[in-house]
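Chemist: Everything below, folded, please.
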Amino acid sequence: MLKKLNRRDRARLIWATAISLALFPVAEITLDLSLQSIGIKATSPAYAKRSGGRSGGGSFRSSGSRRSSSSRSNSSNSGSSSRTYYHHTTYGRSYYGYGSTSSTFAWGVFWIIFTLFTLVLVAVLLSRMSQQKSSKREREIDNKIVTVSQIQVALLAQARSIQSQLSAISLSIDPNTAEGLSQLLQESALALLRSPENWQYVLTSSQKCDRDRAEAIFNQLSIQQRSKFSAETLVNVAGRRSQQESVASSDAAEYIAEYIVVTLLIGTAHDKPLFDTVRTTEALTQALETIAALDPEYLLKFEVLWTPQTETDSMTYVELLSEYADMIPL
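Modeler: Below you'll find the predicted structure:
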């Protein structure tokens, strides 16, 4: 082939080959540096191990008996109030008969009786309206349709304060009580709402389903996230509370910490989704505000999961892409 080329072309080909061979080591070094710059060592494909935190509680089982007891108590109080008014009404009529000799006095007593009767009527109507509203509310809370929702946010690693915030919240709150579970949800959502400048990627879903299937759907979502942790270094779920040292590998310091992923799993008694698919920061803000303001009686189950759990661990951009490929950029 070289014989077919003229002298000038052969010289150009020889020079090009020589230059390529001379630059090959430089290209190899540049490639190695590029891989290290995104957190991967060319000689070792292993990623740094990451810690994970998990806190939550609740159940999709109906809690109608507790509310029924409360309702009976309220109903009893309402009946007591009505009897009090009736006593006054009876007293007014008796007093009216005693003072009937004076027309002016009789008219005054008449207006007193009329006013009391009106108040009793209004009280009865309000009580019935309240009972009907409460009954409707109980039917909605205890119906067979519930909602399972997920909000997952990837933040820049500079938002490291959220790791310590979620750890402190999880250790200080008892998620086994309705009040504690509601507080855990609010504080977790607020921690995300306070760092909108660090939001980078998001994944959300909210689906209604049969109450009998909700537990399995919720647990499946939880397992999917937990499987991405090397170890759960902080746990406060179902009465089990534990905390251990980070499991970061010895060479974790060589990796660049770039992201933190926080996942909120919410099970509620609503019969329709809480929000649509989130694609913008405005929609994410609205979704977080919606769940932060949830009525505690509608909150059935909740979990917050985050990784890395400790500030000494790292998550690189490549790890984010490989393990959270479904997330979309904001």
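Chemist: how near is residue 283 to residue 225?
Modeler: Distance, residue 283 to residue 225, by CB to CB, to the nearest Å: 22 Å. All C-beta spots, glycine's among them, are computed from the backbone N, C-alpha and C.
Chemist: higher neighbour count, these two?
Modeler: residue 225 (21 against 16; other CB atoms under 10 Å).
Chemist: what's near enough to touch that one?
Modeler: Taking CB atoms under 8 Å, 6 or more residues apart in numbering, we find residue 225 in contact with 152, 263, 265, 305.
Chemist: For the helix or strand harbouring the second one, which strands pair with it and how are they oriented?
Modeler: Remark: residue 263 resides in strand 259-268, with elements defined by DSSP states H and E. Sheet partners assigned to strand 259-268 using DSSP bridges are listed as strand 145-156 (antiparallel), strand 299-307 (antiparallel).
Chemist: Please identify the most buried of those strands.
Modeler: Per-stretch averages of neighbours, counted by mean count of other CB atoms under 10 Å, single out strand 299-307 among these, with a mean of 25.
Chemist: Show the subsequent helix or strand relative to that one.
Modeler: Next along from strand 299-307, by DSSP H and E: helix 317-323.
Chemist: hmm, back to that, got TSV for the strands paired with strand 259-268, with mean pLDDT too?
Modeler: Shown next, in TSV, are these (pLDDT from 0 to 100):
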stretch	mean pLDDT
strand 145-156	96
strand 299-307	96
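Chemist: Residue 231: which of the ones you listed is closest?
Modeler: Minimum separation from residue 231 across the strands paired with strand 259-268 (CB to CB) falls at strand 299-307, 10.3 Å.
Chemist: so where's the stretch 1-150 of the chain shaky on pLDDT?
Modeler: Within the stretch 1-150 of the chain, the ranges that satisfy pLDDT under 70 run 1-49, 62-103, 105, 127-141.
Chemist: which of the residues in stretch 315-330 are buried?
Modeler: Under the neighbour-count criterion of 16 or more other CB atoms under 10 Å, stretch 315-330 has 315, 316, 319, 320, 323, 324, 327, 330 buried.
Chemist: Span of it from start to end?
Modeler: Stretch 315-330 has an end-to-end distance of 19 Å (criterion: CA to CA, to the nearest Å).
Chemist: Quick one: mean pLDDT for that stretch?
Modeler: In this model, stretch 315-330 has an average pLDDT of 93.
Chemist: same question, stretch 189-200
Modeler: 96.
Chemist: So what touches it?
Modeler: The contact list for stretch 189-200 (CB under 8 Å, 6+ apart) reads 151, 153-156, 158-159, 161-162, 165-166, 169, 259, 262, 264, 281, 284-285, 288-289, 291-292, 329-330.
Chemist: May I see the buried residues of that stretch?
Modeler: Buried residues in stretch 189-200, counted by 16+ other CB under 10 Å: 189, 191, 192, 195, 198, 199, 200.
Chemist: Where does the third one sit: helix, strand or coil?
Modeler: Of the three states, residue 192 takes helix under DSSP: H, G, I helix; E, B strand; the rest coil.
Chemist: ok now do residue 55, which residues does it touch?
Modeler: Residue 55 touches 166, 169, 170, 173, 175, 184, 234, 235, 236, 237, 303, 304, counting by CB under 8 Å, 6+ apart.
Chemist: Quick one: classify it as helix, strand or coil.
Modeler: The three-state label given to residue 55 by three-state DSSP is strand.
Chemist: gap between the residue nearest to it when sequence neighbours are not counted and residue 50?
Modeler: Spatial nearest neighbour of residue 55, chain neighbours left out: residue 170 (3.6 Å); criterion: CB to CB, 6 or more residues apart in numbering. As judged by CB to CB, residue 170 and residue 50 stand 17 Å apart.
Chemist: for residue 162, same thing?
Modeler: Remark: distance between residue 162 and residue 50 (CB to CB) = 15 Å.
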